[in-house]
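Asker: sharing a sequence plus its predicted fold:
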Amino acid sequence: MAITLTANALPRSYRDIHVTKAARVLAAGVDIEGVGAGVTDDVLADVWPAVEDPVFLAALGRSVHDGLRAIFDLLAGRVDVVVVPDAALEFAEVAAHLDVPAAEIHRAYRVYVASLWWRWCSVARTLGGDAMFDELIDGPTRAMHAYVDPVVEAVVARHEQVHTDLHRTRREHRRRLLTQILDGTIDALSEELDRELGYSLADTHLALLIHNGHASPSATDIAALRGAVDARGTLVIEHTARTWLVWLGRPGGFGTERLERLRRALAETGLTVAIGEPGHGLAGLRRTRQHALDAARVQRALGVDGPRCVWAREVRLETLLLANKERAVEFLTDELGLLNASDPFTRRLRETVLAWLTMGSYGGAAALLGVHENTVRNRLRAAQDILGVSLTAHRTELLVALRLERVLRTATGESTSS
């Protein structure tokens, strides 16, 4: 539907712009078809020289032609209202569907006005000569700008509205497709599915669950993560109000070197993220997502003092044991005994034993904790006295229990002792 603009909607009322009789006569005789073809060529040459889409070209031609018709009807006095032509609004919709940026539409209208003005001046000088040139130029020039300015605003507004609606529709369609893939409703690869998602489902995938407040991860951050692993594609979807799932996909897998580059890139972004393990195809897309969700559960349990980036491979033990919290508490209670007490001294002993088992040496544990080696040795002896058995006798079970205790204690905010 065309938009009619009243005089009050214009930057300058047409009643304040004087178009002479000679200018009106000249406007009435303009070859709109010829001028339109020339202006269209100028716009294409300057703004869209490589465009060959027939729908776009036809829409642009109609928009230019109908816009010129409206301008010369006004200049010739055939109409006294400004109407944004339907063709101009249709062009805005076509451009939105083709993802043409609004900035290019603004630029096209600047070229449009410049081309039209130059052609009008040429005709005015040829037919009116120098004596009548000012008479033929002043009013029409101001009228052209007074017409084009609000038309551009209306066209860009329609473009942005359609563009927003399209992206919302595409986003919801992609979400529905992805939901069906994740729940197994869709379980077959196809080129059409890849096109609709803009992502190759046959690749090897790596899922990242990103916690970023209320905002989605920035395009810059996504590009940095994608570049770090040389991913062929990315798939981004909102998981909850504060978390986003991002899949990175590449045909040849990831490998240790690429994952290390991703680790460094994540450190630079400052994002809070849980990373799954790579998986291939549709099953891998689902599996790496579940890994990321499991790692995020451990990350939440560790709280604000936990790592900002948690890799599923590094917390597989905690993930497995947390699947049954009651059994997990029973296990660590049996293994730790009195070493599971909640007082600060016993807590320091647990932290020291965990550091020693993790680092594999007195010196490594001392460096990790920021204490002297002798302090580590003394605490280990105290812990062994409490346990009543050698620390090396149940090394594996003790390490598992201490890692589990750390997660459960942070999650509940209290001791896991019974």
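Answerer: Structure's in. What do you need?

Asker: state which helix of the chain is the longest.
Answerer: Counting residues, the longest helix found in the chain (DSSP state H) is helix 102-182.

Asker: now do that one: distance to the chain's middle.
Answerer: Computed by Cα atoms, centre = their mean, to the nearest Å, the chain-centroid distance of helix 102-182 equals 28 Å.

Asker: give the next helix or strand downstream of it.
Answerer: Moving toward the C-terminus from helix 102-182, the next helix or strand (DSSP states H and E) is helix 191-197.

Asker: can you give me the mean pLDDT across that following helix?
Answerer: Helix 191-197 comes out with an average pLDDT of 90.

Asker: what mean pLDDT does the helix or strand following that helix get?
Answerer: Note on helix 191-197: by DSSP H and E, the next helix or strand toward the C-terminus is strand 204-211. Here strand 204-211 scores 94 as its mean pLDDT.

Asker: who does the helix or strand just after strand 204-211 touch, helix- and strand-wise?
Answerer: Sequence-wise, the next helix or strand downstream of strand 204-211 (DSSP H and E) is helix 219-228. Here helix 219-228 touches strand 233-238, strand 243-250, helix 255-269, going by 3 or more Cβ pairs under 8 Å, 6 or more residues apart in numbering; DSSP states H and E. Every residue, glycine included, has its C-beta placed from N, CA and C.

Asker: list of residues touching the host helix or strand of residue 273?
Answerer: Assigned by DSSP H and E, residue 273 falls within strand 272-275. Under the contact criterion Cβ atoms under 8 Å, 6 or more residues apart in numbering, strand 272-275 has outside partners 206-212, 262, 266, 292-293, 295-296, 298-299, 308-312.

Asker: so which residues of the stretch 251-400 of the chain form helices?
Answerer: Using DSSP state H, counting those that start in this stretch, the helices of the stretch 251-400 of the chain run over 255-269, 281-302, 316-321, 325-336, 344-359, 362-369, 373-387, 395-412.

Asker: right, so these: which one is the most enclosed?
Answerer: Comparing these on average neighbours per residue, with mean count of other Cβ atoms under 10 Å, the densest one is helix 281-302 at a mean of 21.

Asker: neighbours of residue 50, how many?
Answerer: Using other Cβ atoms under 10 Å, residue 50 has 5 neighbouring residues.

Asker: and the gap between it and residue 332?
Answerer: 66 Å (Cβ to Cβ, to the nearest Å).

Asker: average pLDDT for stretch 101-119?
Answerer: The model assigns stretch 101-119 a mean pLDDT of 93.

Asker: typo on my end, it should be stretch 382-394
Answerer: For stretch 382-394, the mean pLDDT works out to 85.
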